[in-house]
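A.B. asks: My questions are about this predicted structure, shown below with the sequence.
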Protein chains: 2
Amino acid sequence: MNRSTISPVEARQQFRAGLIQPTSGWSAGFAQANLISMPQDLAYDFLLFAQRNPKPCPILEVLNAGETFGGIFGSNATEADIRTDAPQYRIYEHGELIDSPASAVDYWRDDLVSFIIGCSFTFEHPMVQAGVPVRHLEAGRNVPMYETSLACRPAGSLSGNLVVSLRMIPASQVADAVRITSRYPAVHGAPVHIGDPSLIGIDDINNPDFGDAPLSEPGDVPVFWACGVTPQAMVMSSKPPLAITHAPGHMLITDAPDLGFQVP
Amino acid sequence: MNRSTISPVEARQQFRAGLIQPTSGWSAGFAQANLISMPQDLAYDFLLFAQRNPKPCPILEVLNAGETFGGIFGSNATEADIRTDAPQYRIYEHGELIDSPASAVDYWRDDLVSFIIGCSFTFEHPMVQAGVPVRHLEAGRNVPMYETSLACRPAGSLSGNLVVSLRMIPASQVADAVRITSRYPAVHGAPVHIGDPSLIGIDDINNPDFGDAPLSEPGDVPVFWACGVTPQAMVMSSKPPLAITHAPGHMLITDAPDLGFQVP
C-alpha cells in the first residue's frame, strides 16, 4: 500500500478496519477534512458560528441528521461512513474529552448533524510544488496547532477561541506561502498571523496544544493559519451535551479533488 | 450628491428617506448586497441552502432574529436599518409577490432572521479598471438576470433553480473577466456558464426575468454569473409563509470595502 496514491475509498476502508495514523500525505490530490458532529438542536448555532468564522470553519459539506455519507464524502454506505472512516475520533460530553476511540459508532445518535470542514493539508501540496518547505511533512510528523487568545465571533450558545496551525517558513518564501495559500479560501486560505507568536497568546511554540512540536531552520518565520480544530476549542468552551470530532491531524479523506478549491 | 462618492451611511439615509433607484454605481468601493429575511424556524434550512449553493448565495452577514443592523451593515440604528435602507423591497407570502414597497416596516416581524448575501456589483469596478466593458454600467441600466433550468442543491424544505446575471463580454476579454471575477469568491466568483444561453434554459436573452434587457456589441460573448436573486426563485418555488427581500438591482449598501473580498 502506497499511502500517497491510495484512493479515498481505499484509505477510508483502512481506517474503518482500525488503522490509527495521522493522514498527512495520504491520498495525494484529494481534500482532507475536519469533522464535527453535533445534536440537531445545535446545528443552526454551529452553521452560524461557521459562517461568522469562515477562516477556521470553512464548511465543505453538511450531512443531515443521522446521515453517515453523502456529497463529497462517499455515495453509499460501503464507500464512506462518517462514524468509522477517520483514523481516530474525539468524544466530548459537556465540553470534556471523554474518549479517543478508533470508531465513533458507540457514541453515534441519529440526531447528529455532521459538518465536514476544510483542512490546511489541501494547500500543503501546492506549497511543496512551488518549493516552499513544509517541515512537518518532510519529517513525517503532525502539524503543530495552538489555541490562541483571539476570540471567534460567537453564534447563539457557541463561542471559543481561534485555533491555528503553524508552519515555519524561510523568510524569503513567506510571500510565496501567502500567495499560494490565499488561492484556497475554502480550506483556511491566507495566514491569519505572521511573526511574533506572543501577540496571539502563544507563549511557547515548542509546546503546541495539539499535534507535534515544530521543526525550524535558522531564518524561518512562524506563519499561522486558521485551523479546523477551532470547533473543538469551541466545544471545550461552550460545553454542548455531545460532540464527535476527528482527532487532530487524523482527518477525513474526501472524494473532492484539492484543485477544485483553487481560485482563480 | 455624487452617488459614486457618497458614503454607505449617507446612501442608506437617502433610501430610507424614500429614494427608489437601482444602486449600481453607488458608493464606489463598498460592497453591495442581496437581502433575504425569513422566519427563524426556516433559518437553519436557509443557512444550509446557502452553504450548499455558495456561488449564488455567498453569505456575508447574518443578523439574529429581530435585529435590524450589525456587522458589516451599520453599528447602530441611526447608521443602518435592514427594514428601510434598501431602495426597494419585495414581499413574498407563500411564494407570491404581494408588494414591492420602498420600506419593509409594515411587514417586519421580530422573528425574522436577515441574511446579507454578496452581490456581483462588487467585481464590476475591478473589471472596469482592467478595461473590460460592463455594458449595463456604461448605459446606466440594471443588470439582466434570468432564472435558469439548473436546480440548486435543496436543503430541508427549500429548493429552487439557479438565477444568473448576464454580462456581454468581448470575445478577447472573456478570459480577463474570468480571471478577475475568480478573485472574488465571496461575491459569486467566476462565471457559471459562458456561451449558449439555451444550454441553461434561457430561451430569449432579450427578455430577462429581472432587470433590464442586455446591450451588446458585435463579437460579444454571453457570460453568466451566479446571482443573489436565486433566494427569490427559491422563495417562489418553496413558498415559505413570509420572505422579505430587496428588489433586484436595488441592493443594500454595506460598510465592507470591496477589496476586502479579493483573493489572493
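C.D. replies: Received the coordinates, thanks.

A.B. asks: so who does the closest residue to chain B within the stretch 101-250 of chain A touch?
C.D. replies: Residue nearest to chain B within the stretch 101-250 of chain A (C-beta to the nearest C-beta): residue A:182, separated by 2.7 Å. (C-beta placed from N, C-alpha, C; glycine too.) Counting by C-beta atoms under 8 Å, 6 or more residues apart in numbering or on different chains, residue A:182 touches A:189-190, B:263-264.

A.B. asks: In chain A, mark out all the helices, start to finish.
C.D. replies: Along chain A, counting by DSSP state H, helices occupy A:8-16, A:43-52, A:124-129, A:135-138, A:174-182, A:230-238.

A.B. asks: What are the contacting residues of the shortest one?
C.D. replies: I take that to be helix A:135-138. By C-beta under 8 Å, 6+ apart, helix A:135-138 touches A:24-25, A:124, A:128, A:142-144, A:167-168, A:211-212, A:214-217, A:220.

A.B. asks: Just the buried ones from the residues you listed, in ChimeraX syntax?
C.D. replies: Buried members of the contacts of helix A:135-138, defined by 16 or more other C-beta atoms under 10 Å in any protein chain shown, are picked up in ChimeraX with:
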select /A:24,124,142,143,144,167,168,211,212,214,216,220
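
A.B. asks: Would you mind naming what in the stretch 151-264 of chain A lies close to chain B?
C.D. replies: Neighbours of chain B within the stretch 151-264 of chain A, by C-beta under 8 Å from any C-beta of the partner chain: A:178-179, A:181-183, A:185-186, A:189-190, A:263-264.

A.B. asks: of these, buried ones?
C.D. replies: A:178, A:181-183, A:185-186, A:189-190, A:263.

A.B. asks: among those residues, which two are most distant?
C.D. replies: Of all pairs drawn from these, the widest gap by C-beta to C-beta lies between A:178 and A:186 and measures 16.8 Å.

A.B. asks: what sits against the closest residue to residue A:32 other than its chain neighbours?
C.D. replies: Residue nearest to residue A:32 in three dimensions, not counting chain neighbours: residue A:251, with 3.9 Å by C-beta to C-beta, 6 or more residues apart in numbering or on different chains. Contact analysis of residue A:251 by C-beta under 8 Å, 6+ apart lists A:23, A:32-35, A:86, A:119, A:121.

A.B. asks: make it 6 Å
C.D. replies: Going by C-beta atoms under 6 Å, 6 or more residues apart in numbering or on different chains, residue A:251 touches A:23, A:32-33, A:119.

A.B. asks: and of those, the nearest to residue B:110?
C.D. replies: Scanning these for proximity to residue B:110, where the rule is C-beta to C-beta, the winner is residue A:33, at 37.3 Å.

A.B. asks: That closest one touches residue A:116, doesn't it?
C.D. replies: Yes. Residue A:33 is within contact range of residue A:116, at 4.7 Å (criterion: C-beta atoms under 6 Å).

A.B. asks: ok so, going back, so what's the residue of the stretch 101-250 of chain A closest to chain B scoring on pLDDT?
C.D. replies: Note for residue A:182: predicted pLDDT of 94.
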